[in-house]
Structures are given as structure tokens and as C-alpha cells.
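Peer 1: here is the input, now give the coordinates:
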Amino acid sequence: MVLDAIFDRFVQGSPLSVMVRGTLEHALPSQDLDALFERTAQQQYTKELLFSSLVDLMGLVVCGVQPHVQAAFRDRAEQLPVTLKSVYEKLQRVEPAISTELVRFTADRCGALIEELGGCRQDWLPGYRVKIVDGNRLGASQHRIRETRSHSAAPLPGLSLVLLDPAWGLPIDVLLCENGHAQERSLLEQLLPRVEAGDLWLADRNFCTVGFLQGIANRWASFVIRHHANLSLEAVGDWGPEAETETGWVAERAVRVMRDGQAEMGLRCIRVRLKRKTRDGDAEVVLLSNLPPEGADAVAVAGLYRRRWTIETLFQELTQHLGCEVNTLGYPKAALFAFCVALAAYSVLAVVKAALRAVHGEEVMEAEVSGYYLALEMTRVSGGMMIAIPDEYWEVFRELGRAKMARLLRELAGRMNLAKYRKHPRKPKKPAAKRINDPKQPHVATSELLAQRKQPSS
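Peer 2: Got it, this is the predicted structure:
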């Protein structure tokens with residue numbers, strides 16, 4: 001192993017944390033981040049506070065090492081030549097284009113490393129690069145900004161459309177909007193330039209518009225998108241025979257998309273009659289696709305859409321495992337920047353997962369390893385490791401080529417005890433207990449309630 005002896009203690013106790021910090025150094029070197037800022041910024045400029053320092057500062061917050069920006073600043077105060085006020089002012093002015101470019105840059109570096117590791121997931125549909133898109137509205141911030149203090153309504157700092165590559169298991173692009181009340185559909189025209197020939201886009205019904213469907217098809221790409229009731233369809237023939245699957249019964253027919261009484265395009269329409277209703281109470285799901293039938297039958301198309309929930313898992317891990325929504329950051333640009341730093345951190349964690357897949361197998365990773373426990377150990381150990389191992393020792397990861405870095409990550413992954421990160425599937429929820437009204441007393445002793453349990457029932 002190329003690492004200095006100072007790493008031995010952490011390699012033995014928590015190889016995961018060494019992998020995460022090493023991948024951060026390899027994928028996000030300071031000089032490259034500062035160069036990214038210089039070529040992308042239109043109005044901002046570097047005076048004393050470097051963009052790489054800002055990313056590092058926010059990384060401490062979203063990774064849970066520090067609870068908020070002020071605590072992170074105090075931790076790094078000796079290394080920063082500015083005041084806390086200057087940091088907040090810089091955060092408030094980070095241009096969305098810079099935050100977007102940070103996500104793309106990290107995805108390119110981490111994706112190439114995943115390819116080198118041999119840790120890609122199996123293709124969902126051979127011959128296509130699958131991309132999943134979904135919107136994420138940032139949670140309400142505190143009423144810190146003067147203009148929000150007099151409002152009882154919760155202030156929303158922004159909206160994002162995130163593009164996920166399930167083969168790499170990481171976000172590859174993001175479209176940011178500072179208007180937290182904006183509709184996802186208002187951003188679709190800006191999203192279309194991200195479509196590339198050979199793509200297969202998966203999305204929910206909010207993305208089902210004539211313009212977006214046509215835009216994808218005109219770029220020689222394919223889609224599987226849930227039908228929205230506002231999109232008019234004209235049936236061409238009857239439903240075909242139904243095929244039973246694990247979740248329901250699947251049938252298909254041809255349809256024409258109509259606008260102002262005119263047929264715009266012909267598509268496949270796949271209906272899934274569900275065995276169990278969705279959480280919104282829907283008994284069936286209707287999908288639209290332009291995939292050729294010989295490449296994916298109706299059951300395969302329905303299966304592809306079902307796997308779209310992968311991006312919901314991403315948002316869950318960003319919210320619960322990484323602090324992607326810093327509620328003390330009310331200014332839209334600052335909140336969106338924090339979200340993008342969390343996406344970059346998620347990409348680094350995706351490299352670690354890819355190394356584990358390459359060593360232990362994809363089935364083991366998907367079935368047994370919990371993303372929650374991976375993120376928990378990363379947070380728990382990182383603070384002490386950063387104190388114990390000075391920054392200069394981490395430069396070895398910046399200097400490693402991609403092949404050597406992948407080899408080192410595989411070696412560290414082989415030392416991990418996966419039993420520490422095993423999933424604990426949640427049992428079905430029990431029915432909610434009937435509430436007992438206690439009008440005469442606002443409190444009750446827990447010991448008395450437990451004592452009642454031991455008394456024989458009459």
C-alpha cells in the first residue's frame with residue numbers, strides 16, 4: 001500500500017473513512033476547484049476567500065462533521081483570511097451556474113473512477129444510457145432574512161431538477177432555480193439541452209408534456225414517462241393481452257398524442273393495474289414510451305419505470321444521511337450551493353459503494369449494505385481523522401493516477417467488515433393505537449402505565 005504509516009490506525013479501524021477522504025482529495029483537488037470557479041463565474045471574483053475553501057467549509061456541514069456554517073468557520077478560522085460575515089456574503093452570491101458546474105465536475109471525476117474500479121451496476125437496458133430526472137424542492141429555511149420575518153408562511157429557498165445515472169449510482173447534472181414556488185414544468189425547456197442521443201429518460205408525470213416528449217425524441221433519445229391527465233391521448237386499437245407481474249397486470253396499446261385536435265406523435269401506452277394502490281390512492285399507472293417494442297416489451301417498460309424510485313432513495317439519503325438542506329441558509333444561492341455540495345459528497349460516497357461492489361459483488365451491496373451506516377461512520381470518524389492526519393499527508397491521493405487510485409480503493413474495500421453496515425429491513429408498521437383522552441391531567445407517569453401492563457386483564 002502506498003499510504004504512510006500514519007494512516008495505519010485508521011485503515012485498521014475505519015478503512016471507509018480513509019476511502020472517503022482520499023476520494024475527496026483525488027476527485028476535488030483545490031486547484032481544480034479554483035480553476036472551475038475562474039472559468040465559470042460571471043459576476044463573482046476571488047479576492048481573499050478561495051472557492052475551494054468555501055466548498056471545504058460547506059462540506060464539513062453537509063457531511064455532519066459540523067452542525068452549521070458558523071461552527072465550521074470556527075473550526076477553520078486559522079486557515080481562512082476572512083471574517084464570518086465575509087463567508088456568509090460569499091455564500092449568498094454563489095452563482096447557480098457555479099454550483100451546477102461543481103456537480104458536473106465531480107460526476108465526471110467520480111464516474112471515471114467508478115469505471116476504472118469496475119464498479120458500475122448492470123445496465124438497466126442494454127444499448128441505452130439510462131438517466132432518471134426528478135425535482136427536489138428545498139425544505140423551508142429559518143426566518144433569518146428580514147423580508148421573511150413578518151410572514152407566517154415557511155420561506156422556500158429554491159428548487160432543483162436532478163439527473164441521476166443509475167449505472168454509476170450518482171447525480172451527473174442538476175438544474176437550479178431560485179424560485180422555491182416554481183413548477184417543475186417551467187424548467188423543462190432548459191432541461192432539454194441535457195438530452196443526448198442514445199439516452200433513455202425516466203420521469204414521473206410532472207415531466208409529461210408534448211414539448212418535452214417531442215424534444216427528447218427529436219434528439220434521438222428515448223423515454224419512459226408516466227402519463228399526466230392533462231396530456232390528451234387518442235387510442236389506436238384496443239388493449240393487448242394482460243401479463244401478470246409482481247406488482248400488477250400489464251397491457252399495451254398504441255396511442256397518438258393530441259394537441260388542439262391535431263395528432264403530434266405516436267407512442268406506446270403501457271397500463272399497469274396495480275395489486276396495491278399507490279400512496280396517492282391510484283389503482284393503475286399509465287406510462288408513455290417511444291422505445292421500440294423489439295427492444296423492450298410492455299413488462300420490461302413497466303419494470304424500468306418501477307426502478308425509477310432509485311432517485312427517491314438518493315433524495316432520502318441526501319436528506320437523512322447528508323445535510324443537503326441547511327435550514328439556516330435562507331438566501332436561495334447559498335441554499336442551492338449547499339445542496340450541490342451535498343450532491344458532490346454523495347458522488348464521493350458512490351465511489352466507495354462502487355469499490356465495495358467491485359470487491360464484494362453487486363448483489364451483496366444491494367441486499368445487505370446500508371447507506372445510512374456508511375454515512376454514519378463517515379461522519380463519526382472524519383473529525384478525529386482530520387485532526388490526527390495533517391493535510392499534507394493527504395496529498396498522496398491527489399498525485400495518484402486513476403488506475404493506482406482504483407487499486408488502492410479496492411484494497412481498502414477488501415479490508416471492510418460489511419457486517420458493521422448491514423441493513424435492518426423495517427417491519428410493517430403496526431396500526432396506530434387509539435388515542436386516550438386525558439382531560440383532567442396534562443401529564444401521566446410512564447411507570448404507572450407500565451405497571452398497568454402487568455395487571456391481569458378483566
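Peer 1: low-confidence regions, the chain specifically.
Peer 2: 1-2, 311-312, 315, 318-328, 382-384, 387, 426, 429, 457-458 (pLDDT under 70).
Peer 1: which residues sit in contact with the residue nearest the centre of it?
Peer 2: Residue closest to the average C-alpha location in the chain (CA atoms, centre = their mean): Leu314, at 3.5 Å. Leu314 makes contacts with Val162, Leu164, Pro171, Tyr346, as judged by CB atoms under 8 Å, 6 or more residues apart in numbering. Using the backbone N, CA and C atoms, a C-beta is placed for each residue, glycine as well.
Peer 1: report the contact partners of the second one.
Peer 2: By that I understand Leu164. Applying CB under 8 Å, 6+ apart, the residues near Leu164 are Lys131, Ile132, Val133, Asp134, Leu170, Pro171, Ile172, Thr310, Ile311, Leu314.
Peer 1: switch the cut-off to 7 Å
Peer 2: Listed by CB atoms under 7 Å, 6 or more residues apart in numbering, the contact set of Leu164 reads Lys131, Ile132, Pro171, Thr310, Ile311, Leu314.
Peer 1: is it fair to say Ile270 lies in a strand?
Peer 2: Yes: counting by DSSP: H, G, I helix; E, B strand; the rest coil, Ile270 is found in a strand.
Peer 1: what's the burial count for Ala229?
Peer 2: Burial of Ala229, expressed as a neighbour count using other CB atoms under 10 Å, amounts to 9.
Peer 1: ah, wrong one, I meant Phe7
Peer 2: Each residue near Phe7 was counted by other CB under 10 Å, and the total is 22.
Peer 1: check the gap between it and Met385 for me.
Peer 2: 9 Å (CB to CB, to the nearest Å).
Peer 1: now swap in Pro15 and tell me
Peer 2: 11 Å.
Peer 1: which of the contacts of Leu314 fall in helices?
Peer 2: Tyr346 (DSSP state H).
Peer 1: distance to Ala107 for the contacts of Leu314 - can I get that in CSV?
Peer 2: Output for the contacts of Leu314, formatted as CSV (distance: CB to CB, whole Å):
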residue, distance to Ala107
Val162, 11
Leu164, 10
Pro171, 6
Tyr346, 10
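Peer 1: can you give me the helices in the stretch 101-250 of the chain?
Peer 2: Applying DSSP state H, counting those that start in this stretch to the stretch 101-250 of the chain gives helices spanning 188-191, 210-218.
Peer 1: switch these over to CSV; also include mean neighbour count and distance to Gln455.
Peer 2: Formatted as CSV, these follow (neighbours: other CB atoms under 10 Å; distance: least, CB to CB, whole Å):
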stretch, mean neighbour count, distance to Gln455
helix 188-191, 16, 63
helix 210-218, 17, 64
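Peer 1: can you say which of the ones you listed is nearest to Ala406?
Peer 2: Nearest to Ala406, of all the helices of the stretch 101-250 of the chain, is helix 188-191, at 32.4 Å by CB to CB.
Peer 1: so what's the closest residue to Gln190 other than its chain neighbours bridging to?
Peer 2: Nearest residue to Gln190, sequence neighbours excluded (CB to CB, 6 or more residues apart in numbering): Leu175, at 5.9 Å. Here Leu175 sits in beta bridges with Leu161, going by DSSP bridges.
Peer 1: for Glu284, grab phi and psi.
Peer 2: Main-chain torsions, Glu284, degrees, to the nearest 10: phi -150, psi 160.
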